[in-house]
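> model the structure of this input:
(one chain, ligands or ions: 1)
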Amino acid sequence: MLASQTQVARTWETREKVTPSAAPPAQPSIAIPPSPTVFEPLEATPELLAELVEQSARLESATPEEIIAWGVERFGSRLTMATAFGPEGCVILSMLAKIAPETYLFNLDTGYQFQQTLDLRDRIEEKYGLSVDMLQPELSVPEYEALHNGPLYKTNPTQCCFDRKIQLLQRGVEGRHAWMSGIRRDQSADRAEADILGWNKKFNLVKISPLANWTKQQVWKRITSEAIPYNPLHDQGYPSIGCWPCTQAVAAGESDERAGRWSGTAKTECGLHTIQESDGSGI
Ligand code: SF4
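Predicted structure coming up:
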């Protein structure tokens with residue numbers, strides 16, 4: 001057996017084997033009402049923060065579908081989702097396709113994504129009839145690297161992430177009141193305190209994490225049982241997939257899901273999910 005085949009086998013050994021089954025019964029999607037033409041930014045009023053605390057506690061025992069439906073009904077077309085097409089993102093997209101397929105979806109297309117990630121976007125769109133907006137930085141990769149006398153990810157990855165991810169996220173959430181993410185509490189220490197709902201100070205948005213209390217096993221069980229498309233790199237030893245220069249395969253048995261990202265440095269996050277988001281209760 002080739003080394004890569006061994007890795008594939010090992011990776012799958014860690015997942016629960018589930019026989020693909022028929023898709024669950026169709027449920028009516030939620031019609032998103034049109035937004036007012038004049039955008040009113042959401043303010044972190046005491047009333048809103050209290051609502052988030054109360055609803056977040058209530059939704060702790062809800063299913064991800066119920067959390068997504070709450071977000072759709074509460075924020076309508078002011079709700080959006082950024083996806084990097086990780087396993088969690090693909091699961092949420094499969095749920096959104098049933099609940100509110102017209103939700104505005106976007107990807108931070110840094111110019112450094114794996115071809116497998118770009119191909120996955122096509123597979124997701126085709127299977128679920130969704131449309132994912134690929135937001136790109138103003139400067140192409142050649143222009144950006146020429147500006148900085150070479151790849152900035154080698155010398156200053158924090159700045160590179162800011163220029164090619166954070167700024168895109170700011171553009172993607174413009175005019176929105178809430179965004180969904182696929183983070184799970186058991187992914188890393190940075191994410192362990194994530195609330196189902198939280199206030200994101202940096203972007204002035206409500207952050208909704210429908211899978212916050214799901215486990216890796218639950219995510220993969222859903223992917224397998226519903227044949228949800230996923231990135232084939234996960235079968236080649238990549239537990240977490242970002243830009244290709246900053247992502248590596250890891251040894252079989254590695255338990256840190258963020259291992260392989262910015263390997264060899266202290267950096268573990270691009271900054272999207274490590275911003276102090278609410279008054280002590282966010283991530
Ligand atoms: S993950 Fe790497 S290549 Fe991608 S934006 Fe961050 S530093 Fe740049």
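> so which bits of the stretch 101-250 of the chain are right by the ligand?
Where proximity means C-beta under 6 Å from any ligand atom, the interface of the stretch 101-250 of the chain facing the ligand comprises 110, 112, 153, 157, 160, 161, 164, 165, 242, 243, 245, 246. The C-beta positions use only the backbone N, C-alpha and C, and glycine is treated the same way.
> and with 8 Å instead?
110, 112, 151-153, 157-158, 160-161, 163-165, 242-247 (C-beta under 8 Å from any ligand atom).
> element containing the nearest residue to residue 151 once chain neighbours are set aside, please.
Spatial nearest neighbour of residue 151, chain neighbours left out: residue 145 (5.3 Å); criterion: C-beta to C-beta, 6 or more residues apart in numbering. Residue 145 is part of helix 141-147 when elements are defined by DSSP states H and E.
> thinking again about what came up before, quick check, the residue nearest to residue 151 in contact with residue 152.
Yes. The criterion here is C-beta atoms under 8 Å, and residue 145 meets it with residue 152 at 7.4 Å.
> before we move on, the earlier item: look up how far residue 164 lies from the residue nearest to residue 151.
11 Å (C-beta to C-beta, to the nearest Å).
> who has more neighbours, those two?
Between residue 145 and residue 164, residue 164 has the larger neighbour count (other C-beta atoms under 10 Å), namely 24 against 17.
> once you drop chain neighbours, what's closest to the more buried one?
Nearest-residue entry for residue 164: residue 110, 4.2 Å, with adjacent residues in sequence omitted and distances by C-beta to C-beta, 6+ apart.
> quick one: contacts for that neighbour?
Applying C-beta atoms under 8 Å, 6 or more residues apart in numbering to residue 110 gives the contacts 136, 137, 164, 165, 168, 243.
> same deal with residue 65?
If you count contacts by C-beta under 8 Å, 6+ apart, residue 65 has them with 95, 98, 99, 210.
> distance of the last one relative to residue 198?
Counting by C-beta to C-beta, the gap between residue 210 and residue 198 amounts to 13 Å.
> okay, the two: which has more neighbours?
Neighbours around residue 210 and residue 198, counted as other C-beta under 10 Å, are more numerous at residue 210. The numbers are 29 against 24.
> the strands in the chain, which residues?
Read by DSSP state E, the chain holds these strands, from start to end of the chain: 79-82, 104-108, 132-135, 178-180, 197-200, 205-208.
> poorly predicted segments of the stretch 151-283 of the chain, please.
Residue ranges of the stretch 151-283 of the chain with pLDDT under 70: 251-283.
> hmm, try it at 80
Filtered on pLDDT under 80, the stretch 151-283 of the chain yields the residue ranges 188-190, 251-283.
> tell me which residue in the stretch 1-150 of the chain sits closest to the ligand.
Scanning the stretch 1-150 of the chain for proximity to the ligand using C-beta to the nearest ligand atom identifies residue 112 as nearest, at 4.1 Å.
> right, and that residue touches residue 164 too?
Yes. In this structure residue 112 lies within contact range of residue 164 using C-beta under 8 Å: 7.3 Å.
> need the overlap of contacts for those two.
Taking C-beta under 8 Å, 6+ apart as the contact definition, residue 112 and residue 164 share no neighbouring residue.
> pick the most deeply packed of the strands of the chain.
Of those, the one with the most neighbours on average (mean count of other C-beta atoms under 10 Å) is strand 205-208, at a mean of 26.
> any idea how far that one is from the middle of the chain?
The chain centroid and the centroid of strand 205-208 are separated by 13 Å, computed with C-alpha atoms, centre = their mean, to the nearest Å.
> show me what it is packed against.
With contacts taken as 3 or more C-beta pairs under 8 Å, 6 or more residues apart in numbering; DSSP states H and E, strand 205-208 sits against helix 64-75, strand 178-180, strand 197-200.
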